[in-house]
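Student: 3D, please:
(one chain, ligands or ions: 1)
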Amino acid sequence: MYLNLGMNKYARWGTWCLLWSLCFYSWNGVAALASSKTPGRVASKGWSARSYALTMALDTLGLVPISRLGGSLAVLPWRGTVLLRLQAGNGAKAKVVLDLEGEWKVESVRWEGRDMPFRYGDGRLEFSMHGFKPGAVHPVEVRYSGHLVPAVKPPWQDGLVVSADSLGYPRLGMTCQGSGARSWWPCLDYADTEPDSVVLTMTFPAYAPSPTPNSTPALMDMVANGRRVADTVLGSKRTVTWKVTQPINLYNVTFNIGRYSRFVQPYVDLNSVERELEFYVAPDDLPEARAHMAQVVDMMGCYEDKLGPYPFWKDGYKVIQSSYLGMEHQSAIAYGNGFRNNEWGFDFILVHESGHEWWGNSVSASDPSDWWIHEGLTTLMEAVYLECRDGGRREADTYMQRMQRKIQNRKPMQGPRGRRFAAHDADIYYKGAWMFHSLRNSVGMEEGWNQVLRGAYRKFAGRTLGSEQMIEHWASALDPRFAGTLRWWLHHAELPTLEWSVLEDPEDSTRLMLRYRWGPSAKGFYLPMMTSSGQHVDPVPGRWRTMAWKAGPEAMNKADRQSALQAELANLTQRYLIQVRSLATGSKGGK
Ligand SMILES: [Zn+2]
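Tutor: Numbering: from 1, shown residues only. Purely as a prediction, here's the structure:
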C-alpha cells in the first residue's frame, strides 16, 4: 500500500457501516483499526476458505441516490453470489461465521443443494454446517444484494472508488486494504490464511453513454487480478471473468471498470523465459504510458536479481490505471501517479507497489499488526532499485537519508495481534526500512547483507509469517544479538539513545577520551557502529565504556577537536536508526 497524507477517519452511517480511511503519503496521524466486535475468526476456528468464486452484477456504472437518516446518499447497487469452498480443519465446529460488513440483504445460504438457516447482523453471517466432514471441502453458496457506498474522500479513504477518466467516462475501482474484503463480499477475512484461487465474474453495462454531445458511447471493460478467462458482450451487457490461480490476500482482490487499452512490454525473466508485462490505461493516455512504463523492465530485472523470481508469473504482471495513487493488488497493480517520475528519475508508485509483489503478496504478514514486514521491506526496495540502476549506493543512501526525515517516533511499529489492529503510521514504512538499512551499515558486509535479504524472501516466499519469524531470520543470519535490536525498534516509539561525554585523559591532556553507552532504557539493544573517520563504537545498554578518540589534525585545538567529535557522533544518525545525546552539554543530535 502507498502511504497517505490525510488523517484517518471512521465513518459510520447508523450502526452498520464501518469505513476505514487510509492516509496518503506523509501521515499526520496514527491510523489504528480495532474492530469493536469480536472477529468471527474465534467463532470460525478451524475453518478456512480454499477458494472463492464471485459472480456479481452491476446494472449501472453510476451512483444512485437513496434516502438515509434524513439525508440522501449516493450508492452503487450491487448483487451477487459467492461460492466459498470451505474446509474444516482441526478444531472446526459446525458453526461458521463469515464476515460481511455493511447493510446487505443476505438472500440465501446454500449447502449441498438446500437452503440453510442463517443469521446476519453486525457484520457477521452465521450458519451451522451440521454433518460436515473434517478435512473435506464443502462448497457453500451465499446470495446477497444491497449497495456499495463509495469512499467519501477517495483516495484518502479506501473502498469503492467512483470517478471519471479524462474524457468523462466512468471509472470504478475497488481498493480495500483498510475496509477489508468483508466490505464487499462474505468471506473469512483473516490474514493468516489465503485462498488458493479466486474467480471474479462481473456483468455490467457494456457501453457508457457519451459524456459530451459530440462523443460516442464507449465500450467498458473490467480488469481484475489474474488472467482473463472469459469475455462476452451480449446486447447491452458485457460479462468478463478473471481467475487468480495463486494464493492471494483477500484485501488484494480488486476490480477496475472503465475504458482501457492494453499494451505489453516484452521481458526476459531471471530464468530466461520470455514474458509479457501488461498495462491497461485509458486509450488517450496510451503514448505517454508506453514511454513511461518502459522503466518497469529494469525494475523487474532488479527485483528478480536481488530477491528471486517474480512470484506470480502464472497470474501475470499487470498495471492498471486507477483514479487513486496506487495499491499493490496482486498481479493487478493499481497505478494513478500520472506517469510522473520523482527527482531521482523513477516513478516511486510503480517501484513501491511492484515491490509488494515480493513483500506483502508473496511474503505475507499473518496479522495486520505485523504490516511493518510489508511496508518496511518494500520501502527499502525503492533504495535497492536505485542501487541496481546506478551500480552503487551513493544515490540510494541519499534517498534513505531523505526518507529518514519522515520518521515520526510517535508509536511503536508493532501493534497487538489478533485484533485487526493495523498501525498505519508512517513509521512502518520509513522506520521499517531504516531498521534494515542500519543493520546493513552495522555489519558492513555488502554481499553478506544482500544474501540475508534474499534469504529472507526465499525462506518465506508464498507463506504467511509473524514478526518473530522475520526477526529470527535476520538475527540467526547476521548476529543473534540483533533479535533484541529489532524487537527494541519495533516495540518502542522512541529511538535508542547513544549517550556520551568527553573525559580528560589523565596522562595526556591533549587527548580526548570518549565515554559512551546506550541509555539505560535500551535494554537488549545491540548495534556496533563505525564513525565517518572509521572509529568503532560499540555501546552497551546502561554501562559506560571509554575509548581513546582519534582526534583530527594535530593543529586543532582542544575545543575544535571536541566539536569534531560531537559532529562525528551526531553524524551516526545519518547511517543508524538511533538518537545521540551529549550528557556534558545536554544537547541532542539527530532524530
Ligand atoms: Zn506499501
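Student: how about the closest residue to the ion within the stretch 201-350 of the chain: what's its closest non-neighbour residue?
Tutor: Of all residues in the stretch 201-350 of the chain, the one sitting closest to the ion is residue 328 (6.2 Å; C-beta to the ion). Bear in mind the C-beta positions are built from the backbone N, C-alpha and C, glycine included. Spatial nearest neighbour of residue 328, excluding adjacent residues (C-beta to C-beta, 6 or more residues apart in numbering): residue 356 at 3.3 Å.
Student: now for residue 292: which residues touch it?
Tutor: Applying C-beta atoms under 8 Å, 6 or more residues apart in numbering, we find residue 292 in contact with 339, 341, 347.
Student: sheet partners, orientation included, of the helix or strand harbouring residue 500?
Tutor: For residue 500, the element it lies in under DSSP states H and E is strand 497-504. Strand 497-504 has the following strand partners under DSSP bridges: strand 512-518 (antiparallel), strand 579-582 (parallel).
Student: which one of those lies nearest to the ion?
Tutor: strand 579-582 (26.0 Å).
Student: now residue 353: how far from the ion?
Tutor: For residue 353, the distance to the ion equals 7 Å [C-beta to the ion, to the nearest Å].
Student: the chain should start at 14 in everything you say after this.
Tutor: Understood, numbering begins at 14; the last thing we discussed is residue 366.
Student: wait, that residue touches residue 347, no?
Tutor: Yes - under the criterion of C-beta atoms under 8 Å, residue 366 makes contact with residue 347 at 7.3 Å.
Student: any common contacting residues for the two?
Tutor: 339-340.
Student: can you give me the helices in the chain?
Tutor: 53-56, 299-305, 308-319, 361-368, 385-403, 407-417, 443-456, 459-473, 480-491, 495-504, 571-583 (DSSP state H).
Student: could you check the angle strand 525-531 makes with the last one?
Tutor: When axes from the mean of the first three to the mean of the last three C-alpha atoms, to 10 degrees is applied, the directions of helix 571-583 and strand 525-531 differ by 30 degrees.
Student: what residues of helix 571-583 count as buried?
Tutor: Residues of helix 571-583 classed as buried by neighbour count (16 or more other C-beta atoms under 10 Å): 574-575, 577-579, 581-583.
Student: equivalent analysis for stretch 181-196, please.
Tutor: Using 16+ other C-beta under 10 Å as the test for burial, stretch 181-196 gives 182-196.
Student: longest strand of the chain?
Tutor: Secondary structure of the chain per DSSP state E: the longest strand is strand 84-101.
Student: send me that one as CSV with only the CA atoms.
Tutor: C-alpha atoms of strand 84-101 as CSV (Å, rounded to 0.1, in the frame of the first residue of the first chain):
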residue,chain,number,x,y,z
GLY,A,84,-30.4,12.8,4.1
SER,A,85,-29.5,11.3,0.8
LEU,A,86,-26.6,9.1,0.0
ALA,A,87,-25.3,8.1,-3.5
VAL,A,88,-24.6,4.4,-3.7
LEU,A,89,-23.8,1.7,-6.3
PRO,A,90,-26.5,-1.0,-6.4
TRP,A,91,-24.8,-4.4,-6.2
ARG,A,92,-25.9,-8.0,-6.1
GLY,A,93,-24.1,-11.3,-6.4
THR,A,94,-23.4,-14.8,-5.5
VAL,A,95,-20.3,-16.0,-3.7
LEU,A,96,-19.3,-19.7,-3.8
LEU,A,97,-16.9,-20.5,-1.0
ARG,A,98,-15.2,-23.8,-0.8
LEU,A,99,-14.9,-24.1,3.0
GLN,A,100,-12.5,-26.6,4.5
ALA,A,101,-12.9,-27.9,8.1
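Student: so which bits of the stretch 264-413 of the chain are right by the ion?
Tutor: Residues of the stretch 264-413 of the chain lying close to the ion (C-beta under 5 Å from the ion) are residue 388.
Student: where in the stretch 64-213 of the chain is pLDDT low?
Tutor: Counting by pLDDT under 70, the stretch 64-213 of the chain has low-confidence residues at 82, 166-170.
Student: strands of that one, start to end?
Tutor: Ranges of strands in the stretch 64-213 of the chain, per DSSP state E, counting those that start in this stretch, are 77-81, 84-101, 108-112, 118-124, 127-128, 131-134, 137-141, 150-161, 172-177, 183-188, 210-218.
Student: now the third one, how far from the centre of its chain.
Tutor: This points to strand 108-112. Strand 108-112 has its C-alpha centroid displaced from the chain centroid by 27 Å (C-alpha atoms, centre = their mean, to the nearest Å).
Student: in that strand, which residues are buried?
Tutor: The neighbour-count check on strand 108-112 (16+ other C-beta under 10 Å) flags 109-112 as buried.
Student: equivalent analysis for the fourth one, please.
Tutor: Of the residues in strand 118-124, those scored as buried under the neighbour-count criterion (16+ other C-beta under 10 Å) are 119, 122, 124.
Student: that one pairs with which strands?
Tutor: According to DSSP bridges, strand 118-124 forms sheet pairs with strand 127-128 (antiparallel), strand 150-161 (antiparallel).
Student: the first one: how far from the chain's middle?
Tutor: With C-alpha atoms, centre = their mean as the basis, strand 127-128 stands 39 Å off its chain's centre.
Student: touching stretch 415-427 from outside, list them.
Tutor: Stretch 415-427 is contacted by residues 39-40, 43, 382-383, 385, 389, 392, 396, 436, 438-447, 480, 502-508, 586-587, 590, 604 when judged by C-beta under 8 Å, 6+ apart.
Student: and whichever residue of the stretch 414-563 of the chain sits closest to the ion, what does it touch?
Tutor: Closest approach between the stretch 414-563 of the chain and the ion, counting by C-beta to the ion: residue 442, at 6.7 Å. Applying C-beta under 8 Å, 6+ apart, we find residue 442 in contact with 16, 388-389, 392, 419.
Student: per-residue confidence for it?
Tutor: pLDDT recorded at residue 442 is 96.
Student: show me where pLDDT drops low in the chain?
Tutor: Within the chain, the ranges that satisfy pLDDT under 70 run 14-55, 82, 166-170, 435-437, 522, 565-568, 597-604.
Student: now do the domain split for it, please.
Tutor: As assigned by automatic domain parsing, the chain contains the domains 50-272, 510-602.
Student: out of those domains, which is closest to residue 467?
Tutor: Across the domains of the chain, residue 467 has its closest neighbour in domain 50-272 (20.7 Å, C-beta to C-beta).
Student: any idea how far the closest one is from the chain center?
Tutor: Relative to the chain's own centre, domain 50-272 is displaced by 21 Å; criterion: C-alpha atoms, centre = their mean.
Student: can you name the residue of the stretch 164-313 of the chain nearest the ion?
Tutor: With C-beta to the ion, the shortest gap between the stretch 164-313 of the chain and the ion falls at residue 190, namely 9.1 Å.
Student: nearest spatial neighbour of that residue, chain-adjacent residues omitted?
Tutor: Using C-beta to C-beta, 6+ apart, the closest residue to residue 190 is residue 264 (4.3 Å).
Student: contact partners for that neighbour?
Tutor: Neighbour list for residue 264: 189-190, 193-194 [criterion: C-beta under 8 Å, 6+ apart].
Student: what of residue 506?
Tutor: Shown in contact with residue 506 (C-beta under 8 Å, 6+ apart): 422-425.
Student: sorry, back to before: which of the contacts of residue 442 lies closest to the ion?
Tutor: Within the contacts of residue 442, the smallest distance to the ion is 4.9 Å, found for residue 388 (C-beta to the ion).
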